[in-house]
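J.: no letters, just coordinates:
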Ligand code: GLN
């Protein structure tokens, strides 16, 4: 089977196109198909690696070290097909390779144009997904942006051509729009009608419409939309606002038979649907009992998407631990004033406000001292602490400053002149000048030591997680750090780099140089997140 589903969006952005595409992917996987997800991003950046997390949200990292759009994180949480560099296509990559081929003379003297050269490059990148993974049945291609945007036109044209060339039974268009509610509670279909017209102007008649609406659309509304958009009424679906969790959306679509209609349109025989992991996840969601408050002490606090995978992983951990996780977002620079940390992080007594502290990844100097204060406070007051990447480096800086008494202990990222560079650059990173794609990136192995919290979490010694950083625990300080009690509990297989630090005599203080959040799923929480939230829960319960 070589089937395509193109998912586009209209009316406005932020309708949840990524979640809708991923939910459809989950349903098709539930029907036993091998699904792979692809994101087309119309921006000119070659990848998301150089984009600010303040503006564009987190950079999602794949096993092969691609720095991609955060939508790939949605794909990873909802579906299980492999994700790599080839699942993220940007205008920047497409032009980069077309221009490179032009310089190599590969277009044999022809004038190089958007059509056919850019569109051909887009098509060949989408088709490459089938070539890479021979057992792929369906590729779901999400086209970023909103129909009508200038930037999306080449991607929609490539989709149109692929639909035309593959034939109707092998490629379909799914279009997501908004049905707004105006004063008086009336639902308005006109923007959707216009949005489908805009698709038709691009030469694509959507086969399936998913309408984002405050409530489930009634039959007359669906019929009206179908009539004015040239669709079958049974191909108009509602993605209504949920007050549970986005992870219920696959089930909401399933109840409306979205997967059945998609399979029929693609000419695939109906198969048995197994959605039991999703149903049992929802059971766990509903039976959560009690709440833990996790303080996230970071620097990109205003935009939820900046730490998207971290927040999602905490939610997954709550599902695993039977508790609701409340996120308390704390801008670390707030901790840098003279206010004692307990005023911001809460008291340590019975009515403790914060049950655990997580310091996530980050770059740059701002707010670092606030993070060190939070780590010191968690260490001294025996509050569960989880440091991720920068958060592990912070743990080491705190140990240097506050246990070993080296006041200027620091990472050379923040202070090049420190006498105690406890975190520093690897030799090979010293001369790197280009920012794009030059960090330590992607999946690698860590070997976990016996008797550690990290071993308890994973239950195995050889683990594989993803990296995205330049700086490392400085080996010069291994001896002093360990002799003073800091536990180094995971290393690269050759022993050369420290991957995990833990606090001794502490309920749960763990820092890892990698990013476990990227592999966490609602149906299978990341082991470290699971144990961190469980430690926070247990601490809270023990104080009762
Ligand atoms: N800035 C740190 C480094 O480059 C940490 C990176 C991160 O947290 N992802 O090593």
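T.: Thanks, I have the structure now. Everything numeric in this text was worked out from a predicted model, so none of it was measured.
J.: up against the ligand, what does the chain have?
T.: 361-363, 389-390, 413, 468-471 (Cβ under 6 Å from any ligand atom). In this view, the C-beta of every residue, glycine as well, is placed from N, C-alpha and C.
J.: tell me the contacts of the residue nearest to residue 403 when sequence neighbours are not counted?
T.: Counting by Cβ to Cβ, 6 or more residues apart in numbering, residue 403 lies nearest to residue 484, which is 5.7 Å off, once chain neighbours are set aside. When contacts are counted by Cβ atoms under 8 Å, 6 or more residues apart in numbering, residue 484 touches 399, 403-404.
J.: redo the residues you listed as JSON lines? Include distance to residue 544.
T.: Listed next are the contacts of residue 484 as JSON lines, based on distance: Cβ to Cβ, whole Å:
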{"residue": "399", "distance to residue 544": "31"}
{"residue": "403", "distance to residue 544": "31"}
{"residue": "404", "distance to residue 544": "36"}
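J.: those residues, buried ones only, as a PyMOL selection?
T.: To isolate the buried members of the contacts of residue 484 in PyMOL, using 16 or more other Cβ atoms under 10 Å:
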select buried, resi 399+403+404
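J.: which of the contacts of residue 484 lies closest to residue 155?
T.: residue 399 (49.2 Å; Cβ to Cβ).
J.: quick one: the closest one from the ligand, how far?
T.: Residue 399 is 17 Å from the ligand, where distance means Cβ to the nearest ligand atom, to the nearest Å.
J.: that residue contacts residue 483, correct?
T.: No. Between residue 399 and residue 483 there is no contact under Cβ atoms under 8 Å: 11.7 Å.
J.: returning to what we had before: now intersect the contacts of residue 484 with the helices, please.
T.: With helices defined by DSSP state H, no entry of the contacts of residue 484 lies inside them.
J.: gap between the longest helix seen in the chain and the chain center?
T.: The single longest helix within the chain, with elements called by DSSP H, is helix 527-543. Averaging C-alpha positions (Cα atoms, centre = their mean, to the nearest Å) puts helix 527-543 23 Å from its chain's average.
J.: that helix - contacts with which helices or strands?
T.: On a contact count with 3 or more Cβ pairs under 8 Å, 6 or more residues apart in numbering; DSSP states H and E, helix 527-543 meets strand 291-298, helix 308-321, strand 356-359, strand 385-388, helix 453-458, strand 509-512.
J.: least trustworthy helix or strand in the protein by mean pLDDT?
T.: Across the helices and strands of the chain, mean pLDDT, DSSP states H and E gives its lowest value to helix 53-56, namely a mean of 79.
J.: could you report the neighbour count for the closest residue to the ligand within the stretch 101-250 of the chain?
T.: Going by Cβ to the nearest ligand atom, the ligand is nearest to residue 144 of the stretch 101-250 of the chain, at 24.0 Å. If you count neighbours by other Cβ atoms under 10 Å, residue 144 ends up with 23.
J.: from residue 57, how far out is it?
T.: 13 Å (Cβ to Cβ, to the nearest Å).
J.: contacting residues for the residue nearest to residue 287 when sequence neighbours are not counted?
T.: Leaving aside its chain neighbours, residue 287 sits nearest to residue 322 (6.9 Å; criterion: Cβ to Cβ, 6+ apart). Listed by Cβ under 8 Å, 6+ apart, the contact set of residue 322 reads 284, 287-290, 537.
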